[in-house]
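# Need a 3D model of the following:
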Amino acid sequence: MEKVKLIWDFRGAAASQTAVHHAKHLTEFAAAEHANFYEIGSENVSEFHSLAFVIVQRDEILKYRDILKPHRAVLAD
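Model (predicted):
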């Protein structure tokens, strides 16, 4: 099954903390909605750019896109 990474980008001096905080909310959402996410997390891209993400099955993209409104999506490894 193909996987897709839904991504929320954060920029600025507090980007890292904001991404971690957003990932916490994604974890809470997954627990409350019994969402079948492969992975939830955050990554630092640079000093002023971080992101939060969830990895979902490709056939669930539209469902989670409409609910969670990610900034972008890419195929996951």
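# Show the subsequent helix or strand relative to the helix or strand of the chain with the lowest mean pLDDT.
Ranked by mean pLDDT, DSSP states H and E, the weakest helix or strand in the chain is helix 61-68, scoring a mean of 95. Toward the C-terminal end, the helix or strand that comes next after helix 61-68 (DSSP states H and E) is strand 72-75.
# Within its sheet, name the partner strands of that following strand and how each one runs.
Strand pairing for strand 72-75, using DSSP bridges, gives strand 3-11 (antiparallel).
# residues making contact with the partner strand?
For strand 3-11, contacts defined as C-beta atoms under 8 Å, 6 or more residues apart in numbering pick out 16, 18-19, 22, 38, 48-58, 61, 64-65, 68, 70-76. In this view, the C-beta of every residue, glycine as well, is placed from N, C-alpha and C.
# sorry, back to before: list the buried ones in the least confident helix or strand of the chain?
Neighbour counts over helix 61-68 (16 or more other C-beta atoms under 10 Å) mark Y64 as buried.
# could you dump that helix to CSV, C-alpha only?
C-alpha atoms of helix 61-68 as CSV (Å, rounded to 0.1, in the frame of the first residue of the first chain):
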residue,chain,number,x,y,z
ILE,A,61,-5.6,11.3,1.6
LEU,A,62,-8.9,13.1,0.8
LYS,A,63,-10.5,12.2,4.1
TYR,A,64,-7.7,13.6,6.2
ARG,A,65,-6.9,16.5,3.8
ASP,A,66,-10.4,17.8,4.2
ILE,A,67,-10.4,17.4,8.0
LEU,A,68,-6.9,18.5,8.9
